[in-house]
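Asker: I would like to see how this sequence folds:
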Amino acid sequence: MKTLIKAAAFAAVIAAPMSAMAAKTGDSKDVNFNGTVTHTCAITVGSDGTLGVSGDFGTLGSSTGSGSSGAATVVASGATFKLYVDAPSSWSGPTAPDSASSAVSGDLTVTSAASGGVAVPRGSHDVDVDMTATTASFFEEGDYSAVVTLRCE
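Answerer: From the prediction side, this is the model:
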């Protein structure tokens, strides 16, 4: 009988670790992931432009005389944007122009007369910014300035 008790005790010791290794039932939980994608369009001005004057003093512009274009880079992360260029504003100088216009050329092309803008593909685009102002008479001697606004919407 003692041998039987010893054998039963030994079997219990051996069985205990095996039952500890048996599969256990447990719990499961979901791990949720959320995120938002926001597309952006950024404009960086590389250099301002310079106004030159025509020989008859009737035109000031970045493509006239010793004028030069401004430079900008437009970077879009998505293809949902349009680039607009506004007509020159904040005009200052001795003579006010009768008309003024602006334009963007290079990787993208649009003028201030284009009310619909131009689609901006995803990526980086280098553009030149130009403006022209005219008067029916002539531009008086003095310093002139204007602002051309680029908008990416």
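Asker: the helices in the protein, which residues?
Answerer: Taking DSSP state H, the helices of the chain run over residues 2-21.
Asker: got any ranges where it has weak pLDDT?
Answerer: Low-confidence segments of the chain (pLDDT under 70): 1-22.
Asker: what about Ser90, how many residues nearby?
Answerer: Residues near Ser90, counting by other Cβ atoms under 10 Å, number 9. From N, CA and C alone the C-beta is placed, and that goes for glycine too.
Asker: thought it was touching Val148?
Answerer: No - counting by Cβ atoms under 8 Å, Val148 is not a contact partner of Ser90; they are 9.6 Å apart.
Asker: and the residue positioned nearest the centre of the chain, bridged to which residues?
Answerer: Among the residues of the chain, Cys41 comes closest to the average C-alpha position under Cα atoms, centre = their mean, at 2.0 Å. Cys41 has these beta-bridge partners by DSSP bridges: Ala76.
Asker: go on, Thr59?
Answerer: Note on Thr59: beta-bridge partners Thr134, judged by DSSP bridges.
Asker: just use 42 as the starting number from now, easier for me
Answerer: Right, with 42 as the first residue, what we last looked at is Thr100.
Asker: number of residues surrounding it?
Answerer: Thr100: 21 neighbours (other Cβ under 10 Å).
Asker: residue contacts, it?
Answerer: Applying Cβ atoms under 8 Å, 6 or more residues apart in numbering to Thr100 gives the contacts Val94, Thr173, Ala174, Thr175.
Asker: my read: Asp148 touches Asp169, true?
Answerer: No - between Asp148 and Asp169 there is no contact under Cβ under 8 Å: 9.6 Å.
Asker: more neighbours: which of those two?
Answerer: Between Asp148 and Asp169, counting by other Cβ under 10 Å, Asp169 is the more crowded of the two (20 against 15).
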